[in-house]
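[1] Any chance you could fold what I've pasted below:
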Amino acid sequence: MAPASSPSPSNSPSRSHSPAQSHHQVVIIGGGTAGITVAARLRRAGARDVAVLEPSETHWYQPLWTLVGGGQAPLRASLRTQAEVMPPGVRWLRESAVSVDPASRTVATASGRTVSYSRLVVAPGLQLDWDGVPGLAQAVGHGGVSSNYRPDLAPLTWDLIRGMKRGTALFTMPAGPVKCGGAPQKIAYLAADHWRKRGVLGSIRTILVLPEPTMFKVPVFARVLEETARRYGIEVRLQSEMTQVDGTARQAVITDHATGVKETVDYDLLHAVPPQRAPQWIADGPLADPASPFGYVKADPAILRHPDFPEIFSLGDVANLPTSKTGAAVRKQAPVVVRNLRDSLRDRPASARYDGYTSCPLVTARHKMLLAEFDYDLRPTPSFPFIDTTKERTDMWFLKRYGLPQLYFKGMLKGIA
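    So this is what the prediction gives:
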């Protein structure tokens, strides 16, 4: 086996052109929010042999896509090249992982290459299952159907919203864990606020379909969102889900899981959030949690290490953790992974703990937002205890639009926030 690769001496990330086999002290699968944040923190902590497996040339700040779809931000503000965000000194392996063999401590790539590791961080994100709702894959992108969960479609969402003057607008959320669980609601509120300002809200029937028994798991925020929906006249269907789409007829089937009743809704605008699950190679492999029907990676919820394979850590969207899948969660998970990974390399017990912190910025109007922060026990954990973030606030909206992207690109991805 080839010796461990050394980091690039330049200030630019190293792009690997290594042979079919290579070894690294730490291999990170995924160059998204979780992977880059961990890589940057490891480098700042002194790790000298870190490799990131990531095939994409583009890095997206996905939380901004809701504002793109609501006409409040340009898509380009959420975009960087992968080279720009890759930490200096990290070996960038521009390939996709296709399997992990924990026994041999190796990762196989799509090109047939084998990468071995001393420690592995699994953070490839999740995949959008457009085929999970019959007819959705064929309908999305035209005929009044859009989704802010794809960057190419977020601008289309805004085009549909501002072009609508009457008819039925349908906003849906699937069952199961999804990234940014508040996003399916936020775009409904932004749309309704726009229509209210244009004087056409009364001519538009707005339906919001949610799979949960309440609008939000934390009661204090659920009450505010219930009032927000009432303010806009939004019909909220709880414990319900879109189970079929006919894009040609512009019809969607809504199933009430509490009663089993199915309703066919004629729509003029449909904002659909697809079901989401782990990449198939994760779901079919030894890292998946048998308790997860979506194939997410098994991970100790406190120390973020795989219970069966102590050399493997996981965080971000792919980890099967009982908390919302958000970038804010990653910001708290990354230092725990880095510290416990370094403890592991020194044969020490894991010393860091993750309490389940996550945050969901809930945009309720063009310049209004709630900041829902909570832990595994759904207890509010405010970052600004002197500010009441359970009320709609303009300063919180500016935080989301301008402050959080700066924190992300200049803080998190640099390993300093």
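[2] so what's residue 300 closest to, chain neighbours aside?
    Nearest residue to residue 300, sequence neighbours excluded (Cβ to Cβ, 6 or more residues apart in numbering): residue 307, at 5.6 Å. Using the backbone N, CA and C atoms, a C-beta is placed for each residue, glycine as well.
[3] State whether that neighbour is indeed within a helix.
    No. The assignment for residue 307, made by DSSP: H, G, I helix; E, B strand; the rest coil, is coil rather than a helix.
[4] Neighbours of it, how many?
    Neighbourhood size, residue 307 [other Cβ atoms under 10 Å]: 11.
[5] and what of residue 328?
    Taking other Cβ under 10 Å as the neighbour definition, residue 328 ends up with a count of 23.
[6] Using the three-state scheme, assign it.
    The three-state assignment at residue 328 reads helix, by three-state DSSP.
[7] what domains does the record give for this protein?
    Using automatic domain parsing, the domain parsing of the chain gives 14-126+278-355, 129-275.
[8] With respect to residue 391, which of those domains lies nearest?
    domain 129-275 (7.4 Å; Cβ to Cβ).
[9] Endpoint to endpoint, the closest one covers what distance?
    5 Å (Cα to Cα, to the nearest Å).
[10] Run the chain-centre distance for that domain.
    Distance of domain 129-275 from the chain centroid (Cα atoms, centre = their mean, to the nearest Å) equals 18 Å.
[11] just stretch 114-125 next, same as before
    20 Å.
[12] So residue 130 is in contact with residue 273, correct?
    No. In this structure, residue 130 is not within contact of residue 273 by Cβ atoms under 8 Å, at 10.5 Å.
[13] which residues does residue 102 contact?
    286-287, 306, 308-309, 311-312 (Cβ atoms under 8 Å, 6 or more residues apart in numbering).
[14] Could I have the buried ones of these as PyMOL selection syntax?
    Only the buried entries of the contacts of residue 102 go into this PyMOL selection, using 16 or more other Cβ atoms under 10 Å:
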select buried, resi 287+306+309+312
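[15] surely the residue nearest to residue 300 meets residue 297?
    No. If you go by Cβ under 8 Å, residue 307 and residue 297 don't touch, sitting 10.8 Å apart.
[16] any shared contact partners between the two?
    What both residue 307 and residue 297 touch, as defined by Cβ under 8 Å, 6+ apart, is an empty set.
[17] so what's the residue nearest to residue 300 up against?
    298-300.
[18] go on, residue 216?
    182, 222, 225, 362, 372.
[19] Mind checking what secondary structure it has?
    coil.
[20] can you check the one 4 residues further on too?
    With three-state DSSP as the basis, residue 220 sits in helix.
[21] Please apply the same query to residue 155.
    helix.
[22] Name the member of the contacts of residue 216 with the most neighbours.
    Going by other Cβ under 10 Å, residue 372 tops those with 28 neighbours.
[23] Run a quick neighbour tally on residue 172.
    That count, for residue 172 with other Cβ under 10 Å as the rule, works out to 29.
[24] try residue 83
    Neighbours of residue 83 (other Cβ under 10 Å): 13.
[25] Please report the distance of it from residue 90.
    11 Å (Cβ to Cβ, to the nearest Å).
[26] can you check residue 326 too?
    Residue 326 is 24 Å from residue 90, by Cβ to Cβ.
[27] List of residues touching stretch 189-203?
    Under Cβ under 8 Å, 6+ apart, the answer for stretch 189-203 is 66-67, 69-72, 161-162, 164-167, 169, 171, 204, 206, 228, 232-234, 269, 271, 363-366.
[28] Drop anything exposed from these.
    For the contacts of stretch 189-203, buried by 16+ other Cβ under 10 Å: 66-67, 69-72, 161, 164, 169, 171, 204, 206, 228, 232, 234, 269, 271, 363-366.
[29] From residue 402, how far off is the closest residue in space to residue 150 that isn't next to it in sequence?
    Nearest non-adjacent residue to residue 150, counting by Cβ to Cβ, 6+ apart: residue 128, 7.4 Å away. The spacing between residue 128 and residue 402, counted by Cβ to Cβ, is 28 Å.
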